[in-house]
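got a sequence here, can you model it:
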Amino acid sequence: MPEPDTSPKLLLQTLRGSKSEQTPVWLMRQAGRYLPEYRELRAQKGGFLELCYDSEAAAEVTMQPIRRFGFDGAILFSDILIVPHAMGQKLWFEAGEGPRLQPRLVEAALSSLEAVPAHFEAIYATVRAVASQLDDKTTFMGFAGSPWTVSTYMTHGQGSKDQGVTRRYAYQDEMAFSELIAAIIENTVTYLLGQIEAGVDAVQLFDSWAGSLSPAQFEKWVIAPNAEIISRIKAVHPDLPVIGFPKGAGDKLAAYARETGADAIGLDETVDPVIANKHLPAGIPVQGNLDPLALIAGGNALEKSVRHILSVFEDRPHVFNLGHGILPDTPIEHVEKLLTLVRQ
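The predicted structure is shown next:
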């Protein structure tokens with residue numbers, strides 16, 4: 001059994017393996033477009049990337065949902081594509097279409113990129129600003145994209161439905177793709193250690209496109225890179241929790257939990273909580289996994305889903321969260337209802 005955790009931060013205790021009567025709660029993308037105060041600030045500051053690099057404004061966005069809802073965790077307002085931007089790719093966001101990166105690394109050599117470490121420094125400044133404002137009961141989480149997911153944007157230059165360009169590239173030129181993954185690992189470790197030194201209490205690795213890979217490729221491009229990142233973080237900060245979130249992992253989830261060394265496992269909304277609870281290692285904390293659309297629907301659908309998830313994980317350390325990010329058209333009153341249900 002884990003030693004009792006004396007931290008006043010309920011979420012941090014839970015990520016370290018403690019089980020309490022109260023379930024901590026935070027929501028992925030809780031700082032963002034569903035909040036009117038965010039939309040107002042975004043309108044003042046201009047583009048999304050400009051907002052990420054304005055440390056004062058990004059700190060304000062991070063704090064907005066904490067002030068409004070009192071979540072147990074604050075998640076750094078930033079983006080997973082800060083890493084490729086700092087590695088030297090040009091990054092911008094097309095309205096209504098998402099991110100664009102140049103040069104596309106299926107067409108250009110990794111060695112052609114010229115690093116811009118100042119991009120990391122702007123994020124560290126945000127972390128320091130938030131850490132100075134949070135109370136002693138709120139856990140502060142940093143994050144990064146996992147190497148596979150980040151690589152899909154770097155190679156193709158944008159998002160895609162099936163990550164086909166990157167999957168083909170990984171098969172056709174495994175040596176070049178391995179070099180790219182190694183470079184992303186190196187930069188991600190630097191980035192996360194910098195966030196930790198600046199003041200976060202825990203970090204999450206987002207692998208949003210993990211579900212697109214075959215089992216062998218999942219082992220090579222998801223499990224192995226995440227295991228290396230976590231090992232290197234633990235070598236410096238052995239007690240700092242790392243949450244792994246391999247969206248779409250399905251029946252590969254248990255292997256991910258066993259082999260990466262992640263302290264807690266995020267579950268997307270497609271995962272059956274009963275099956276996850278049965279097959280994941282005993283005692284490992286889980287995070288999730290309410291369908292974001294159930295939160296939008298509200299009413300009986302929301303209440304039934306929340307009660308089911310809480311019931312399934314009543315004997316396991318559990319952080320209540322969504323199965324992915326909160327959607328922009330989510331009613332504020334439904335978030336308030338969710339918090340009431342979890343905290344009853």
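
quick check, pLDDT for E3.
At E3, the model reports a pLDDT of 52.

let me fix that, I meant to ask about K337.
pLDDT, K337: 98.

go on, the one 3 residues further on?
T340 carries a pLDDT value of 98.

and the contacts of stretch 332-343?
With CB atoms under 8 Å, 6 or more residues apart in numbering as the test, stretch 332-343 has contacts from 22-23, 25, 27, 34-35, 69-71, 290, 295-296, 298, 302-303, 306-307, 310, 320, 326. The C-beta positions use only the backbone N, C-alpha and C, and glycine is treated the same way.

from those residues, which land in helices?
Counting by DSSP state H, the contacts of stretch 332-343 place F69, L295, I296, L302, E303, V306, R307, L310 in helices.

and the helix or strand encompassing I233, which residues are buried?
Assigned by DSSP states H and E, I233 falls within helix 224-236. The neighbour-count check on helix 224-236 (16 or more other CB atoms under 10 Å) flags A224, P225, N226, A227, E228, I229, I230, R232, I233 as buried.

just to check, the fourth one is in contact with E259?
Read that as A227. Yes. Contact criterion CB atoms under 8 Å: A227 and E259 qualify, at 6.0 Å.

run through who's touching the strand or helix carrying A129.
Using DSSP H and E, A129 maps to helix 118-131. Applying CB under 8 Å, 6+ apart, the contact partners of helix 118-131 are 52-53, 55-56, 58-59, 62-63, 74, 76-78, 82, 85-86, 140, 142, 190-191, 194-195, 197-200.

in it, what's buried?
Quick answer for helix 118-131 (16+ other CB under 10 Å): H119, F120, A122, I123, Y124, A125, T126, V127, A129, V130.

I66 is in what secondary structure piece?
According to DSSP H and E, I66 maps onto helix 55-69.

cool, and G288?
Here G288 is assigned to strand 286-290, by DSSP H and E.

off-centre distance for that strand?
12 Å (CA atoms, centre = their mean, to the nearest Å).

ok, stretch 175-189 next?
Distance of stretch 175-189 from its chain centroid, counting by CA atoms, centre = their mean, is 19 Å.
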